[in-house]
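S.K.: need coordinates for the following:
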Amino acid sequence: MRMKSKWLMLSTVALALAAFSVSSIWYFHYGPRVLKESFEEGFGEWVPGADVPPDPSGPEHAAAWNITRSTEVSKTGQYSLKLFIDGRQDDGTIWVARRVRFAGGRVVRIRVSFQLYCESESFNTIAAVCAYIGLREPLREGDFTVLGPANTVKGWGTYSHEAELSTGFTGEAWVAVGISVRWETFMTYYIDDVEILLE
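M.R.: Numbering: from 1, shown residues only. As a prediction, this is how the structure comes out:
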């Protein structure tokens, strides 16, 4: 009788562990997931990218740009990403992008939201805020969706973009956020608190 009770208890534990494993796998592959990055420990999985014109002073070089971590302003914590570009050619887009992974062979909805800081308000559209969600890595300005002008208010503003993708068998997609030049001047913006929701 004791052996039967012991066997029954072990079977129950084994079934519970199996159910937990299956539910964990299902949640990781199919359940909603949120990926957050505030750049406190580095870039995380985000990689800088750019599509910029030749430098105004010499066509053999590209227009100056860089994306660095900065403590000058931040939405939360101490760090944000500082985006600088020489926009004197009235052209150019810079961004940070990362790959996201999930179960392939299904339709997935991806939503990215982030904070962008501009140093001054302007009635002119100096730069556009842009984002990308797609199955391949963004490489050109034309890959991006414009979310609106960057200088609507001085300080932090919230922006978001979402898309529904059929993933095929790869189980991979790319997400990117950045700015696109709309005025002939040097410009600096900051990005913080990027959040990606996978459903």
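S.K.: helix/strand/coil for residue 159?
M.R.: Judged by DSSP: H, G, I helix; E, B strand; the rest coil, the three-state class of residue 159 is strand.
S.K.: contacting residues for residue 137?
M.R.: Contacts for residue 137 (C-beta atoms under 8 Å, 6 or more residues apart in numbering) come out as 49, 97, 99, 174. From N, CA and C alone the C-beta is placed, and that goes for glycine too.
S.K.: what's the answer for residue 73, then?
M.R.: So residue 73 contacts 80, 117, 190 (C-beta under 8 Å, 6+ apart).
S.K.: take the residues you listed and keep only those in strands.
M.R.: Using DSSP state E, 80, 117, 190 are the members of the contacts of residue 73 that sit in strands.
S.K.: of the residues you listed, which is the nearest to residue 92?
M.R.: residue 190 (17.5 Å; C-beta to C-beta).
S.K.: okay, and the beta partners of the closest residue to that closest one other than its chain neighbours?
M.R.: Closest residue in space to residue 190, ignoring its immediate chain neighbours: residue 117 at 4.0 Å, by C-beta to C-beta, 6 or more residues apart in numbering. Here residue 117 sits in beta bridges with residue 156, residue 190, as judged by DSSP bridges.
S.K.: now the helices for this protein?
M.R.: Secondary structure of the chain (DSSP state H): helices at 2-30.
S.K.: all strands for it, in order.
M.R.: 33-37, 47-51, 54-55, 58-62, 65-70, 80-86, 93-101, 107-118, 127-134, 145-149, 155-166, 172-181, 186-198.
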